[in-house]
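[1] Pasting a predicted model and its sequence here:
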Amino acid sequence: MSGEYSAQRFVERLAGLPVPVAMGRVFGLAKEFIDMPPSEIERLLDRDEHLARVGALSVMDKQARRNSTPEDRRTELYELYLRRPDRIDTWDLVDLGAPYVIGRYLFDKPTDVLYELARSTSPWERRTAIVACLYFVRQDQVDDTFAIAEILVHEEHDLVRKAVGGLLREAGKKDRTRLLRFLDRYAAVMPRVILRYAIEHLSDEQRTHYRSLKPTPAP
């Protein structure tokens with residue numbers, strides 16, 4: 001095949017960017033390489049350089065966002081993401097790929113895999129489960145967000161907690177009643193960082209109320 005969209009060519013172009021490399025330049029380079037095939041994307045994921053992996057996830061994201069991308073390619077991208085959790089192991093890589101590579105792909109399909117990921121021992125797979133729901137929320141579907149947030153409501157990893165709180169906040173913009181019902185049940189026991197993110201857009205009175213709730217002592 002032509003080397004035009006190869007991982008090696010991407011790395012060469014990446015090496016030519018001014019140092020320190022601005023993230024916007026990496027995203028711009030990914031746009032130029034949007035037609036990179038999955039086999040070459042995986043070669044990028046295998047690179048040691050973090051920016052090469054950022055480029056790989058950015059290419060995947062741009063392909064997944066593009067309406068003209070055929071379904072079989074969306075499937076390949078989805079399967080590649082799930083196959084390589086060893087290389088998608090930071091919050092920024094998850095956030096680049098999960099909403100469209102995972103969320104958009106699953107939007108009209110069963111979402112069982114998200115519940116499996118939410119129960120994973122890997123914090124990055126757990127973060128994937130909740131961040132993928134961002135695509136659903138943008139389509140006004142919040143059921144999976146609240147259900148997965150319930151699984152993760154006692155989460156211990158800070159970067160997963162922040163994602164859970166952020167998705168609760170975004171889901172609450174679509175369905176405030178559902179958010180308040182969730183908070184009525186869990187605000188007293190959820191980690192403070194989840195609560196802080198989740199209540200950002202509530203009124204001062206509501207924020208004060210939910211911050212003041214304490215766990216009910218055991219009888």
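    Okay, I see it. Residues are numbered from 1 along each chain as shown.

[2] make it CA atoms for all contacts and neighbour counts henceforth
    OK.

[3] quick one, what contacts V160?
    123-124, 126-127 (CA atoms under 8 Å, 6 or more residues apart in numbering).

[4] typo on my end, it should be E125
    By CA under 8 Å, 6+ apart, the neighbours of E125 are 85, 117-118.

[5] Tell me the buried residues within those.
    117-118 (16 or more other CA atoms under 10 Å).

[6] Select from the contacts of V160 every entry located in helices.
    123-124, 126-127 (DSSP state H).

[7] Out of those residues, which is nearest to F33?
    Closest approach between the ones in helices among the contacts of V160 and F33, by CA to CA: W124, at 25.7 Å.

[8] Tell me the pLDDT of the residue nearest to the closest one when sequence neighbours are not counted.
    Among residues not flanking W124 along the chain, D89 sits closest, at 5.8 Å (CA to CA, 6 or more residues apart in numbering). D89 carries a pLDDT score of 97 in this model.

[9] next one: D92
    pLDDT at D92 comes out at 98.

[10] same deal with E40?
    97.

[11] now swap in the one 4 residues further on and tell me
    The model reports L44 with a pLDDT of 97.

[12] and what of S2?
    S2 is given a pLDDT of 48.

[13] Could you count how many residues lie near P215?
    Neighbour count for P215, taken as other CA atoms under 10 Å: 10.
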